[in-house]
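Student: what follows is a predicted structure for the sequence shown.
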Amino acid sequence: MNLVVELIEARNLPAMDPNKHSDPYVRLQLGKHKFRTKVVKKCLNPYWGDVFRFRVDDLSDELVVSVMDEDKYFNDDFVGRIKVPVSRVFDAKDKSLGTAWYSLQPKSKKSKNKDCGEICLNINLSQNSSFVDLHSNGPVAPQLSEEYHDAIVESSSTLLGSTSGSSSPTVASSKEDKLQTLKFSTQVSQICNRNGETASSPASSSTDLPELSETVKPQAIDSKSKEQLCHGDFDGLIRMMASRDQVSEFPSNLPGGILLDQLYAIAASDLNTLLFSPDSKFFHSLSDVQGKTELQIGSWKFDNDGENLKRVVTYVNPATKLIKAVKATEDQTYLKSDSKAFAVLASVSTPDVIYGSSFKVEILYCITPGAELPSGEQSSHLVISWRMNFIQSTVMKGMIENGARQGLKDSFNQYASFLSQKVKPIDSKDTGSSKDQALASLQAEMQSDWKLGIQYLANFTVISTFIVVLYVLLHIWLAAPSTIQGLEFVGLDLPDSIGELIVCCVIILQAERVLALVAHFMQARVQKGSDHGIKAEGDGWLLTVALIEGSSLAAVDSTGFSDPYAVFTCNGKARTSSIKFQKLDPIWNEIFEFDAMEEPPSMLDVEVFDFDGPFDDAISLGHAEINFLKTNISDLADVWVPLQGKLAQTCQSKLHLRIFLDNTQGGNAVRDYLAKMGKEVGKKINMRSPQTNSAFQKLFGLPPEEFLINDFTCHLKRKMPLQGCLFLSARIIGFHANLFGHKTKFFFLWEDIEEIQVASPNLSSMGSPIIVITLRKGRGLDARHGAKTQDEEGRLKFHFQSFVSFTSAQRTIMALWKSRSLSPEQKVRIAEEESEARSLESEEGGTFLEVEDVNMSEVYSSLLPVPMNFVMEAFGGGEIDQRVMESIGCLNYSCTPWELDKADVYQRQIGYVFDKGVSSYRGEVISTQQRSPLPDKSGWLIEQFMTLRGVPFGDYFNLHLRYQIEDMPSRSKGSRCHVKVFLGMAWLKSTRHQNRISRNVLTSLQDRFKVMFATIEKEYIDGR
């Protein structure tokens, strides 16, 4: 059920701007569905004439229509609104409220302006019953374009029999004429939809405008004129279709395959006219070339529901060696027409062939605008895809589909050859990369510091402080100097009363807040993005992400705004955008590239934060996951991604992204990857045929870049063993079984796997080892119907057994899993090599990594009732070390053994990931530690060099820590030691945020040291 709202006009709106005018627009909302009209500049009686359709999910919902006044530099002003319950429309006669004027209500009863004007609406409910859900039924006038609006006016003068004597019709310019024209276009639309039925019916009465001073009475229209208007003007019908087509999505290609994919040197609208216009001779000439006879092409007309534009084409296909000449009926339907892109679905039935009544062949023609040619000419992209639609089940399904595939291939080879004679085809290389064109159009937002400063600082705090300070200065200028009294002396004037003291405190606090606001503004304006524009390196799969803008982000600051920035993560690599100051609808226009990967990525994670220091508990404004396996990469070239999370879902936040995934190695990438995996497995892996890969992609609904590596017959163990096939590819592991017509199918990502174990054979596994795959918590939920158990932590466990070749299957699974999920030790080893290449060389007799060049300051000191040797166990790599690091929020902690570097100096590498309780960014820390005895041999000195990754400004600095642990002799029985910790920060890049980041790091580390040494003391007491 759809709620159809015709927004006609508004009148007597209040003037919201200083120029005694308003710039009104309208927001409409029903449940989660929202629409917005265009802005009418400088008008108090605006006219829109738009039609909106909402899907009704609950009759208890209310339609909220809000009139707003657009403001260029400040927040838009609220004018007035109305609320209409859907139940009221449902209970009305004919489920329609008709056209009526509604008084706009203020936001609250306390509002000073009670007269908010009126708005004219036509509201009704309708049902959808067409093949494609584009519009709903009901007598609602379509939203007409300006050109077709004029065409309707011209037709109206002809059909109604104008007696003005003028040789050319006049276009309605006044508001009343436009409304009369709108009424007439409603009647004409009903005539077309009903295929010749009369327009005057009880249902059409709801389209009248009783509130207006003048009305137009329906006139008699002869059938010949109706036929001329409904079927004769192909361009007019396309424009009418475009005016109705507001919410439909462009259809995706049919799963049977692509028959033609070509660029042509012609505009999309012109190519649509050439292929489908009744006046075009293309179809007739093509039929002659293909040998078709008895061609009959019907007229384009709207179906009975007025939803789609349709026509019927019949012809006789020529006879072949195996099949006689048969008659074919082709129903052509416009699924999409928005004046730029067109989609036509042709359903071909041949009932005279064997089993012809059991299937139909569906062919989808998609015409979209192509890239602009170097000569400046327009181009269009034609994609023709197909599928078999079996109406009845038949055992000959495979044979019929194969025969149809070959016949369509031959037919559309002729189609492409003949079309290339009419229109020049274009090589895609000549147009340049669509990615380059899409990214070249991006330009960074030019922001005026003065405008932003006024927007940010024009608040009550700043204005009131300015007035108070000005008032005090004026008082000082007018007042005479007071005599010295009390404790005052020359040069020191103290408050003489409690009131003066309070006034001084208020002025100081206000001035401090204003200075903080100004400082925050200046720092945010000089901040630049750290990863924008960094070029990717290497050959392989290159991922490019363009962050265009955000919409409706949550406001978390006290100012009612946020300082948002985005973090993109793919295959363990992160890219961070710049911070946008005090924005809820930020515009970035920034481009991020990820270094080349050997295999295509599976997921792209994006999270939007409100900036408040690298270690603060930053607030997440929303997050999203983009699964490349469930989304066609071509659909990501320009996409709005809705954000998840409480704040994001409340505000309906979303990001505008452009994502491109390119393979710079071509077909060699697959061969190189299979060769690499073959070395890991110890057995050569052969490349599968294109037909096998296509069947694998179709089985699991995977994108075309996914390729099959190997498959194994096995049993899936649930309550009862289920025999099927396990499929392995570069990004997924999938299972498929078809037992007595009951199909079981699922897959999950390699990155979703936390652990793979091999269980010993038992009686239930028929003497075969069992591969137990455990997924991470919250992962693989789409495949939970294939899991045997779910543990206490919510992790899914899958059991596979009875492999024909268990050793080969296990080796292949383990090799593919390891290639996608590196262990912490491997990460530490790689990070160690990078750290050594980046760090300074240590000289003999010099201090570790030249830390004396960094200003070290004491940040922690404590006298612990713990022996020094026990404290050193917290740096030894054992169980105590592991528990201490986990207590301070270090996840995936790993370390290498202490190794002798030189005399009395030992060295090791450690790595871990921050828990979200420590840092919301889950940053990674790579650290090198060096241990040496104190000069007097009374304790130990531990130097630590830390590199932070995945946190804002983490690449701007390195951290140097020095632990000094001394044994303190005690006359009592217990032993004690004195612990001192020193901190130094080595800045690699300059930034205005140095003081802010330094304070944040210092506070965070001091808290960690308190917890760390308290845990060591607790471990000692518990162990003793």
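Tutor: Sure thing, it's come through. Note that this is a predicted model, so its numbers are computed, not measured.

Student: OK, contacts around residue 255?
Tutor: 387, 698 (CB atoms under 8 Å, 6 or more residues apart in numbering). In this view, the C-beta of every residue, glycine as well, is placed from N, C-alpha and C.

Student: burial count for residue 658?
Tutor: 19 (other CB atoms under 10 Å).

Student: ok, it touching residue 546?
Tutor: Yes: counting by CB atoms under 8 Å, residue 546 is a contact partner of residue 658 at 3.9 Å.

Student: how about low-confidence regions in the stretch 101-250 of the chain?
Tutor: Along the stretch 101-250 of the chain, the model assigns pLDDT under 70 to residues 112, 127-232, 244-249.

Student: for residue 115, helix, strand, or coil?
Tutor: Of the three states, residue 115 takes coil under DSSP: H, G, I helix; E, B strand; the rest coil.

Student: pLDDT score assigned to the closest residue to it other than its chain neighbours?
Tutor: Distances taken as CB to CB, 6 or more residues apart in numbering place residue 14 nearest to residue 115, at 6.7 Å, with adjacent residues excluded. With respect to pLDDT, residue 14 has a value of 89.

Student: residues contacting residue 14?
Tutor: Per CB under 8 Å, 6+ apart, neighbours of residue 14: 22, 44, 79, 113, 115-117.

Student: and for the residue nearest to residue 1020 when sequence neighbours are not counted, the neighbour number?
Tutor: With CB to CB, 6+ apart as the criterion, residue 1020 has its nearest non-adjacent residue at 4.6 Å, and that residue is residue 866. Number of residues near residue 866 (other CB under 10 Å) recorded here: 23.

Student: and residue 282, by the same measure?
Tutor: For residue 282, using other CB under 10 Å, the count is 16.

Student: how near is it to residue 554?
Tutor: Distance from residue 282 to residue 554, counting by CB to CB, to the nearest Å: 54 Å.

Student: could you do residue 368 as well?
Tutor: Taking CB to CB as the measure, residue 368 and residue 554 are separated by 35 Å.

Student: okay, these two: which has more neighbours?
Tutor: Ranked by neighbour count (other CB under 10 Å), residue 368 and residue 554 place residue 554 first, with 22 against 16.

Student: you'd agree that one is up against residue 560?
Tutor: No: counting by CB under 8 Å, residue 554 sits too far from residue 560 to count as a contact (10.7 Å).

Student: quick one, phi psi at residue 623?
Tutor: The phi and psi values for residue 623, taken as degrees, to the nearest 10, are phi -140, psi 160.

Student: got phi/psi on residue 580?
Tutor: phi -100, psi 120.

Student: neighbours around it, how many?
Tutor: 26.

Student: which helix or which strand is home to the nearest residue to residue 464 once chain neighbours are set aside?
Tutor: Setting aside the residues directly before and after it, residue 464 is nearest to residue 510 in space (CB to CB, 6+ apart), at 7.0 Å. Following DSSP states H and E, one finds residue 510 within helix 498-526.

Student: and the helix or strand following that helix, what does it pack against?
Tutor: In the C-terminal direction, the helix or strand that comes right after helix 498-526 (DSSP H and E) is strand 541-551. In terms of contacts (3 or more CB pairs under 8 Å, 6 or more residues apart in numbering; DSSP states H and E), strand 541-551 is packed against helix 434-440, strand 564-570, strand 587-597, strand 603-610, strand 654-663.

Student: which one of the ones you listed is the most hemmed in?
Tutor: strand 564-570 (a mean of 23; mean count of other CB atoms under 10 Å).

Student: helices or strands up against it?
Tutor: Using 3+ CB pairs under 8 Å, 6+ apart, strand 564-570 sits against strand 541-551, strand 573-576, strand 587-597, strand 603-610.

Student: next one: the residue nearest to residue 13 when sequence neighbours are not counted from residue 22, what distance?
Tutor: Leaving aside its sequence neighbours, residue 13 sits nearest to residue 117 (CB to CB, 6+ apart; 4.0 Å). Counting by CB to CB, the separation of residue 117 from residue 22 is 9 Å.

Student: which residues do those two both contact?
Tutor: 13-14, 44, 79.

Student: among these, which pair sits farthest apart?
Tutor: Pairwise distances among the shared contacts of residue 117 and residue 22 were taken by CB to CB; the largest, 10.2 Å, belongs to 44 and 79.

Student: so these two - more neighbours on which side?
Tutor: Just comparing residue 44 and residue 79: by other CB under 10 Å the higher neighbour count belongs to residue 79, 24 against 17.

Student: is that one part of a helix or strand, or is it coil?
Tutor: Taking three-state DSSP as the rule, one finds residue 79 in the strand state.

Student: quick check, it in contact with residue 22.
Tutor: Yes: assessed by CB under 8 Å, residue 79 is found in contact with residue 22 at 7.0 Å.

Student: pull up the overlap in contacts between these two.
Tutor: Counting by CB under 8 Å, 6+ apart, the residues touching both residue 79 and residue 22 are 13-14, 16, 69.

Student: buried members of the residues you listed into PyMOL, please.
Tutor: Those of these that count as buried under 16 or more other CB atoms under 10 Å are selected in PyMOL with:
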select buried, resi 13+14+16+69
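
Student: in strands, which of the shared contacts of residue 79 and residue 22 appear?
Tutor: residue 69 (DSSP state E).

Student: make a markdown table from the shared contacts of residue 79 and residue 22 and add distance to residue 598 to it.
Tutor: Shown next, in a markdown table, are these (distance: CB to CB, whole Å):
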| residue | distance to residue 598 |
| --- | --- |
| 13 | 62 |
| 14 | 64 |
| 16 | 59 |
| 69 | 55 |
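
Student: who has more neighbours, residue 117 and residue 22?
Tutor: Per other CB under 10 Å, whichever of residue 117 and residue 22 has more neighbours is residue 22, with 26 against 21.

Student: that one contacts residue 69, correct?
Tutor: Yes: here residue 22 lies in contact with residue 69, judged by CB under 8 Å, at a distance of 4.7 Å.

Student: between these two, which contacts overlap?
Tutor: Contacts common to residue 22 and residue 69, judged by CB under 8 Å, 6+ apart, are 16, 79.

Student: and the angle for the one helix or strand residue 1006 maps to with helix 498-526?
Tutor: Using DSSP H and E, residue 1006 sits in helix 994-1023. Helix 994-1023 and helix 498-526 are oriented at 100 degrees to each other (axes from the mean of the first three to the mean of the last three CA atoms, to 10 degrees).

Student: can you point out the buried residues in helix 994-1023?
Tutor: 996-997, 1000-1001, 1004-1005, 1008-1009, 1012-1013, 1015-1016, 1019-1020.
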